[in-house]
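1. what shape does this take:
(one chain, ligands or ions: 2)
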Amino acid sequence: MLINAPRGTKDILPDQIKNWIAVENKMREICARYGYDEIRTPIFEHTELFQRGIGEGTDVVDKEMYTFVDRGNRSITLRPENTASVIRAYLQNKLYAASTLVKLFYIGSMFRYDRPQAGRLREFHQFGVEAIGEGNPEVDAEVILLALDLLRELGLEGLTLKLNTVGCPKCRPVYRQKLTHFFSDKLDELCGDCRTRYEKNPMRILDCKIDGGKEFMEEAPKIKDCLCDECREHFRQVQELLTAVGVEYEIDARLVRGLDYYTKTAFEIRCDELGAQAAVAGGGRYDGLIEELGGISTPAIGFALGIERLLIALEKKDRLPKGEDAIDGFVVSMGAAAYAFELMSALRRAGLRIATDFAKRSMKAQMKLAARSGARFALIVGEDEVRDRTVTIKNLSTSEQSTVAFDDVKEAVVQCR
Ligand SMILES: [Zn+2]
Ligand SMILES: [Zn+2]
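-> Ligands and ions are numbered 1, 2, ... in the order given. The predicted model follows:
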């Protein structure tokens, strides 16, 4: 019996890889421009890292983690996101020693045990950046701009930047109190989850998928009326910087983040192609996380985007890269296997892309394969060529044919590239 891949996982097949590589290349290119260095952290970590770094009481930690006990009796979890791991690596490797602002990016698979749906797999891929060490609004604006530049340069249109602030430990308690008061006579109208949120974290009621659209939500207290001076000024400056570089945004008071370590800026980028409510990227400031993970209080901000969802949006926009990678030559051999092998190896070592057929088919069949391979040239060798140490080159688009010395093949092929 054949064994299939587990539910919620997907093979990325050779004909899709070029899309992934194109997207990843663009990510690396933009990050280089903005001065972000790549980091690769382990796929699995101690479970405690995510319990503390994402937070118990969140769906991710309570319901969606791939957690198991390893043979050494440790509780291990496949990473459900990468921020906690990056911060752990930052602290463990003392990256702060080299510079006050450490700018990192990552590309890799994450794992969540969720109901699989289009663009949301159990093994999925994220790109993200983390800027650790500075609390300036310039860093917030830079991170947002990086995300927008990436999506625009990949060819996505119809992008909307949603912006909000979630305050800080100084001003948020006031806001929470107002929310608690506001919802106290509406509990009957809220869903079950929100009744729990009411006790634990009433801010999260605001972005509930079930209750979020209800009419009374419009009247809910707004955080902007509760901000401390520092948070208010920070938010004003972020907006000023974005405006200065021509970035449009919408303030969305319902854009909240569930956990205490999130502070100040929260943002989301939505894309028409994914539906009105669907974010293609999301992030924000988390000045409280590093302390939560045992470091000294350090400001930081980041965002992440799901690559599968990005590819879906690009596909709908017809923005995926087109065309096959050209093959330079297809070696066709008539009873000259060793010579053909020598030719192919020499050309590959010289940097050319060479294909062939090892099945010793007829000349006609090999020529057909050569045409189908997309190669520009058939490089034909038989008894005559072996004797004269030559190669017959046939241009597969013009059918022009010529015979050149073995050592001149590379140049002949490269010239016509
Ligand atoms: Zn504040
Ligand atoms: Zn709800």
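2. which residue packs closest to Lys178, ignoring adjacent ones?
-> Pro221 (4.1 Å; Cβ to Cβ, 6 or more residues apart in numbering). Bear in mind the C-beta positions are built from the backbone N, C-alpha and C, glycine included.
3. specify the local secondary structure of the one you found.
-> coil (DSSP: H, G, I helix; E, B strand; the rest coil).
4. which residues touch it?
-> By Cβ atoms under 8 Å, 6 or more residues apart in numbering, the contact list for Pro221 reads 175, 178-179, 182.
5. who in the protein is up against ligand 1?
-> Contact residues (Cβ under 5 Å from the ion) of the chain with ligand 1: 167-168, 170-171, 228, 231.
6. which of these tops the neighbour count?
-> Within those, most neighbours by other Cβ atoms under 10 Å means Gly167, with 28 neighbours.
7. and the gap between the closest residue to it other than its chain neighbours and Thr160?
-> Nearest non-adjacent residue to Gly167, counting by Cβ to Cβ, 6+ apart: Cys231, 5.2 Å away. To Thr160, Cys231 is 23 Å away according to Cβ to Cβ, to the nearest Å.
8. try Gly294
-> 37 Å.
9. and those two? which has more neighbours close in?
-> Thr160 (16 against 11).
10. Three-state assignment for the nearest residue to the more buried one once chain neighbours are set aside, please.
-> Counting by Cβ to Cβ, 6+ apart, Arg270 is the residue found nearest to Thr160 once chain neighbours are left out, at 4.6 Å. At Arg270 the chain is in strand, as set by three-state DSSP.
11. from Leu146, how far off is Arg270?
-> In terms of Cβ to Cβ, Arg270 sits 17 Å off from Leu146.
12. now Gly135
-> When Gly135 is compared with Leu146 (using Cβ to Cβ), they lie 18 Å apart.
13. between those two, who's got more neighbours?
-> Leu146 (22 against 16).
14. secondary structure element for that one?
-> helix 137-154 (DSSP states H and E).
15. quick one: strands adjacent to the helix or strand following that helix?
-> Going down the chain from helix 137-154, the next helix or strand is strand 159-165, by DSSP H and E. The strands beside strand 159-165 in its sheet (DSSP bridges) come out as strand 250-251 (parallel), strand 263-271 (antiparallel).
16. out of the ones you listed, which gets nearest to ligand 2?
-> strand 263-271 (18.7 Å; Cβ to the ion).
17. quick check, the residue in the stretch 1-150 of the chain closest to ligand 1?
-> For the stretch 1-150 of the chain, Cβ to the ion, closest residue to ligand 1: Gly135, 11.8 Å.
18. what's the neighbour count on the residue lying closest to that residue once chain neighbours are set aside?
-> Spatial nearest neighbour of Gly135, excluding adjacent residues (Cβ to Cβ, 6+ apart): Pro299 at 3.4 Å. For Pro299, the neighbour count with other Cβ under 10 Å is 21.
19. now do the same contact list for Pro299.
-> Counting by Cβ under 8 Å, 6+ apart, Pro299 touches 132-135, 263, 285, 287.
20. redo that, cut-off 7 Å
-> 133-135, 287 (Cβ atoms under 7 Å, 6 or more residues apart in numbering).
21. now do Ile312
-> 118-119, 274.
22. neighbour count for those - can I get that in CSV?
-> Conversion of the contacts of Ile312 to CSV gives the following (neighbours: other Cβ atoms under 10 Å):
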residue, neighbour count
Ala118, 9
Gly119, 17
Leu274, 20
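23. thinking again about what came up before, adding neighbour count and secondary structure, write the contacts of Pro221 out as a markdown table.
-> Below are those laid out as a markdown table (neighbours: other Cβ atoms under 10 Å; DSSP: H, G, I helix; E, B strand; the rest coil):
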| residue | neighbour count | secondary structure |
| --- | --- | --- |
| Tyr175 | 21 | helix |
| Lys178 | 17 | helix |
| Leu179 | 22 | helix |
| Phe182 | 16 | helix |
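24. which residue of the protein lies farthest from its centroid?
-> Using Cα atoms, centre = their mean, the residue of the chain lying farthest from its centre is Arg387. It sits 54.6 Å away.
25. other SSEs contacting the helix or strand where Ile76 lies?
-> Ile76 belongs to strand 75-78 when assigned by DSSP H and E. Under the contact criterion of 3 or more Cβ pairs under 7 Å, 6 or more residues apart in numbering; DSSP states H and E, strand 75-78 touches strand 44-46, helix 47-50, strand 66-69.
26. one more time with 6 Å
-> helix 47-50, strand 66-69 (3 or more Cβ pairs under 6 Å, 6 or more residues apart in numbering; DSSP states H and E).
27. which residues of the stretch 201-350 of the chain fall in helices?
-> Taking DSSP state H, counting those that start in this stretch to define them, one finds helices in the stretch 201-350 of the chain at 229-244, 289-292, 307-316, 337-349.
28. check those helices for me: which has the lowest mean pLDDT.
-> Confidence, taken as mean pLDDT, is least for helix 307-316 of these (a mean of 92).
29. for that helix, which positions count as buried?
-> Within helix 307-316, the residues scored as buried using 16 or more other Cβ atoms under 10 Å are 307-314.
30. how near is the closest residue to ligand 2 within the stretch 251-400 of the chain to Val166?
-> Nearest residue of the stretch 251-400 of the chain to ligand 2 (Cβ to the ion) works out as Arg254 at 12.2 Å. Taking Cβ to Cβ as the measure, Arg254 and Val166 are separated by 11 Å.
31. can you check which residues contact both of the two?
-> By Cβ atoms under 6 Å, 6 or more residues apart in numbering, Arg254 and Val166 have no common neighbours.
32. which one's more surrounded, these two?
-> Val166 (26 against 18).
33. what about the more buried one, distance to Leu259?
-> The value you get for Val166 to Leu259, if Cβ to Cβ is used, is 10 Å.
34. the bottom helix or strand of the chain by mean pLDDT?
-> helix 59 (a mean of 83; mean pLDDT, DSSP states H and E).
35. do that helix and ligand 2 meet?
-> No. Judged by Cβ under 5 Å from the ion, helix 59 makes no contact with ligand 2; its nearest approach is 12.7 Å.
36. what's the neighbour count on Thr196?
-> Neighbours around Thr196, by other Cβ under 10 Å: 14.
37. what helix or strand does it sit in?
-> helix 192-200.
38. thank you, goodbye.
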